[in-house]
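> My questions are about this predicted structure, shown below with the sequence.
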Amino acid sequence: MGFFTRTKEHVPCTVEISHKFESLHAHVRFNNGAVIYPGDEVHVEGPEIMAPFGEIVSEDRNAIIVRASGLERLWTRATGDLEVMELCEFSFSEEVTL
Amino acid sequence: MNMHSADATTAEEAIAIQETLDSDMATEVAMQDTLLTPRFYTTDFEELDAIDVSGIRDEWDQLIDRMVSDPNKGHFKKNQDWDTVDWDGMEPKLKKEFIDFLISSCTAEFSGCVLYKEMKRRGSNKDITQLFQLMARDEARHAGFINDALREAGVAVNLGFLTQKKKYTYFRPKFIYYATYLSEKIGYARYITIFRHLEENPQYRFHPIFKWFEEWCNDEFAHGEAFALLMKTDPKLTKGINVWWIKFFLTAVYSTMYIRDHQRPAFHQALGVDPDWYAHEVFTKTSKLTQQIFPITLDIDNPRWAAGLDRLRRANVDLAIAKKEGRKLAQFGASVRAGLAFVGLYTIPSKKHKVPSVTRMEPAY
């Protein structure tokens, strides 16, 4: 990782999507243990994965991790907190009118 | 009544129900597609992993044992109480607002699940990873339940977001504690207030999902307890400068809720709920609950509070109109008014009190 430069990594990953009544969830796991740091971008290659209702779909894919530069990482750590209100769950969207 | 594979008592029955469902699916091509867009975060996972719960072991174990025993397992499925919903006969404005409620709730549960799962995966401290695993379980379950209600309304949730490019932002652990703790506790207060109101006034219950609010919000309550205990492990989190952060989060969460609720008049009218009364009820309950760990509460009975909220709401409405019409100067004016209204709310002197030595509580409303 450079201070001003970004690097790209190709990482094998497993995508699991559960579209079941008992559990609606979706996760990406990096199979080589790669870790995401602030400001990194992740893009799972290939077409959209859709799980029909009632099913869990698990697919092995490749992901591209664009590593943030050192500067971006610092910036994200310094400013990310400004968006922290997103964590608050509200029952309505922020749209003023529908 | 719609059968569900979760209702089945045998595997054969489950398969049969599922097959009927799948054939129903084929006719659902006309369903409206909604892409869930949760956000992705990182935090200081080392700091999280270093949490030591040994000082509060008794309270911690009680909470975890309860969550492991999973009292709400099997609750989140439809049974004979799930009345048929007349979606076509629903007043269009109410339908819009109610679907917005369901989608936003589903996204919120889903985002919670993503965040908790990530915390679970990145940690190695058994206490912490177990907690986050349990909370991720509950959130995924709630999301599945809301998803089912949405499907009945002809809204299909699309989970294709994972293949889109996404950027990970960063939150400090303490901000995650304050924000998530409050959001779980205010979530409990919101749901239980509606549940009790509809118990007394069942004629306003326009959708069966409200019958499930009691157990649902008990999960939220338990999650809030967990965050209260996490904060208790480090007394610095509720002292000194951090008290100002706590006040900030209380003010921001309360006022955001107030603004958003007032933007959904048809929903509240259908429930027979006055948004001002509802806000005051929810703030009162949340303030009472958060005394378990926060050394201050907001003075919501101060006349400046109600007046400030209303100013903030009006500035927000004007800001949205100015944005829509592309009037930059009016946008700037409305933003300044909103900022000043928020500062006005933030500077109302807060109420101080002593935090009890025992933190754990039971849902009592």
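All right, it came through fine.
> And the strands in the chain?
By default, I'm working from chain A. Counting by DSSP state E, chain A has these strands, from start to end: A:7-19, A:24-30, A:41-44, A:56-67.
> Chain B was what I was after
When secondary structure is read from DSSP E, chain B shows strands at B:32-35, B:41-42, B:155-158, B:166-167, B:169-170, B:296-297, B:351-352.
> and the strands of chain A, which is most packed in?
Per-residue neighbour counts averaged over each of the strands of chain A give the maximum for strand A:24-30, namely a mean of 21 (mean count of other CB atoms under 10 Å in any protein chain shown). Using the backbone N, CA and C atoms, a C-beta is placed for each residue, glycine as well.
> For whatever residue of the stretch 201-350 of chain B ends up closest to chain A, the count of nearby residues, please.
Nearest residue of the stretch 201-350 of chain B to chain A (CB to the nearest CB) works out as B:A320 at 3.8 Å. The number of residues packed near B:A320 is 17, by other CB atoms under 10 Å in any protein chain shown.
> excluding its backbone neighbours, what's nearest B:V317?
When the adjacent residues along the chain are set aside, B:V317 lies closest to A:V96, with 6.4 Å between them (CB to CB, 6 or more residues apart in numbering or on different chains).
> Near that neighbour, how many other residues are there?
Burial measure for A:V96: 16 neighbouring residues, criterion other CB under 10 Å.
> B:D318 is in contact with that one, correct?
No. With contact defined as CB atoms under 8 Å, A:V96 and B:D318 do not form a contacting pair (10.1 Å).
> residues contacting residue 59?
Since no chain was named, I'll use chain A. Listed by CB atoms under 8 Å, 6 or more residues apart in numbering or on different chains, the contact partners of A:E59 are A:14-15, A:49.
> Let me rephrase: I mean chain B.
Contact criterion CB under 8 Å, 6+ apart gives B:229, B:232, B:358-360 as the residues in contact with B:E59.
> If we use 10 Å, what do you get?
Applying CB atoms under 10 Å, 6 or more residues apart in numbering or on different chains, one finds that B:E59 lies in contact with B:53, B:225, B:228-229, B:232, B:358-360.
> How about stretch A:87-98, which residues are buried there?
For stretch A:87-98, the neighbour count (16 or more other CB atoms under 10 Å in any protein chain shown) marks A:87-93, A:96 as buried.
> Dump it to CSV, keeping only the CA atoms.
Backbone C-alpha positions of stretch A:87-98 (Å, rounded to 0.1, in the frame of the first residue of the first chain) are rendered in CSV as follows:
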residue,chain,number,x,y,z
LEU,A,87,-26.5,3.2,12.1
CYS,A,88,-29.7,4.4,13.7
GLU,A,89,-32.6,2.3,12.6
PHE,A,90,-35.7,4.2,11.7
SER,A,91,-38.8,2.7,10.4
PHE,A,92,-39.1,5.2,7.6
SER,A,93,-36.9,6.4,4.8
GLU,A,94,-35.6,9.9,4.8
GLU,A,95,-37.7,10.9,1.8
VAL,A,96,-39.7,13.9,2.8
THR,A,97,-42.7,13.0,0.6
LEU,A,98,-43.6,9.8,-1.1
